[in-house]
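Student: sequence and predicted model, in that order:
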Amino acid sequence: MSDKVSIEISKEAYELLRKTVEESGGEFKSVEDLLEFIIKETLGGEERSYSPEEEEKIKDNLRSLGYL
C-alpha cells in the first residue's frame, strides 16, 4: 500500500480532469489516476518511448486540460 496525501485544486481544474476521465474510455478510473499520470509523465524524469498513437492521445488529453 502506498502513502497518499491530499492536495487542493480549483474546482475548474477538477472539472477539466473529471471530464477527461469520463472521455478516456476507461483508460483512467478516477481524477486521481489521471492527475498521477500527468504528474509522472511530465515530471517523472524517466524517458519512455511512445507510439505515434499514444503520443497523440496524450497530447489530446493535455490539450483538453489546457496544457497545450
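Tutor: Nice, I can see it. Numbering: from 1, shown residues only.
Student: what's stretch 43-60 in contact with?
Tutor: For stretch 43-60, the external contacting residues (C-beta atoms under 8 Å, 6 or more residues apart in numbering) are 41, 68. (C-beta placed from N, C-alpha, C; glycine too.)
Student: pLDDT value on residue 45, please?
Tutor: pLDDT for residue 45: 64.
Student: list the buried residues of the helix or strand residue 59 falls within.
Tutor: Assessed by DSSP states H and E, residue 59 sits inside helix 52-64. For helix 52-64, burial by neighbour count (16 or more other C-beta atoms under 10 Å) applies to 58, 61.
Student: who touches residue 34 in this structure?
Tutor: 17, 20-21, 24, 28, 61.
Student: at 7 Å instead, please
Tutor: Residue 34 makes contact with 17, 20-21, 28 under the criterion C-beta atoms under 7 Å, 6 or more residues apart in numbering.
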